[in-house]
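Chemist: Just need the structure, nothing else, for what follows:
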Amino acid sequence: MATRIFIDGAAGTTGLEILDRLEGRAEFDLILLDDERRKSIEARREALNEADIAILCLPDDAARDAVDLLDPASGTRIIDASSAHRTTEGWCYGFPELVGRERVAEARRVSNPGCYPTGFLGLVAPLVREGLLPADWPFTVNAVSGYSGGGKALIAEFEKGGAPGFHAYGYDLRHKHLPEMQLRAGLEHPVLFAPSVVPVYRGMIVEVPLHLGAMAGEPHSDSLRSGLAEFYAGSPVVSVLESENPRELVLDRDAAPWDGMELFVFGNDGGWNARLVARLDNLGKGASGAAIQNLNLMCGLPETTGLSL
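Modeler: Next up is the predicted model:
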């Protein structure tokens, strides 16, 4: 029997990508609302409670409201692609490589990670967990993303004439991803985060620069690379480059959808300076691809079914 899926917010960027990925898959029976009914609270309530799994692709407040529409007796499980529940007790953090595939598979409420945090946590969380980086270090992260992650307003800004060549933001130092990064990496201090957007539709590079020589124990860049490679060994989604690193990393203007994530550790000759770098698709492993991976696990399917890797 097919699993009934309702995407609440299927008209947005992430919702459309998830819908496109699920259409034609025999494992799923999609509950669809037309344009008029998707604006009706009662129609949404009915669809949410009819579904086996609901995928929320909504702004944060709307996602919280959607959860309130659920009747506990309905048994509907949830994947929330918003940031509303990423630090909420009782919700499974939907990063299978970090929290464990079994935990995601058994969860009733799963919160998809944010795109930037996926890169940061993919790099830092395993190394802190294994004691290779100190939890009390004042981490900084620099990141650049394609404009598709900014919602309809930012997409419109970049797709009109005279779009900016570089768009830096987050200067109030209160970006909504900060609590997620700190909590899920197990850090003692908030992360200093410098996000930016460039005129490519999709793609993301997240970088964590480290002065290893100033840390207690003076960890070496090679040990960080080996630690990440061991942690992700066998992962079909996350890869660690262990051979010679590239001299540069680029985001392609016409990049195809991609659901993997590549991790790099660049170190100087002494190994006491390092740049940890993650390259991913902000709409792939950073959004819709992660939702599909989690959905597969929750349905007992191979986690890579329907992914572009």
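
Chemist: Please pull up the helix or strand immediately following the longest helix along the chain.
Modeler: As assigned by DSSP state H, the longest helix anywhere in the chain is helix 115-129. Heading C-terminal from helix 115-129, the first helix or strand you meet, by DSSP states H and E, is strand 140-146.

Chemist: Poorly predicted segments of the stretch 1-150 of the chain, please.
Modeler: Counting by pLDDT under 70, the stretch 1-150 of the chain shows no low-confidence range.

Chemist: returning to what we had before: what is the longest helix of the chain packed up against?
Modeler: Applying 3 or more CB pairs under 8 Å, 6 or more residues apart in numbering; DSSP states H and E, we find helix 115-129 packed against helix 96-99, strand 140-146, helix 178-185, strand 204-211, helix 221-231, strand 261-267, strand 273-280. C-beta here means a position set from N, CA and C on the backbone, and glycine is covered the same way.

Chemist: can we see that at 6 Å?
Modeler: helix 178-185, strand 204-211, helix 221-231, strand 273-280 (3 or more CB pairs under 6 Å, 6 or more residues apart in numbering; DSSP states H and E).

Chemist: Deepest-packed of the ones you listed, please.
Modeler: Counting by mean count of other CB atoms under 10 Å, strand 273-280 has the highest mean neighbour count of the helices and strands packed on helix 115-129, with a mean of 23.

Chemist: domain ranges for the chain?
Modeler: Domains of the chain are assigned by automatic domain parsing as 3-113+287-298, 115-282.

Chemist: Using TSV, please lay out the ones you listed together with distance to Thr305.
Modeler: Listed next are the domains of the chain as TSV, based on distance: least, CB to CB, whole Å:
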stretch	distance to Thr305
domain 3-113+287-298	5
domain 115-282	11
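
Chemist: Of all the ones you listed, which one is nearest Leu307?
Modeler: Taking CB to CB, domain 115-282 is the member of these nearest to Leu307, at 4.1 Å.

Chemist: Would you work out how far apart the start and end of that closest one are?
Modeler: End-to-end distance for domain 115-282: 5 Å, by CA to CA, to the nearest Å.
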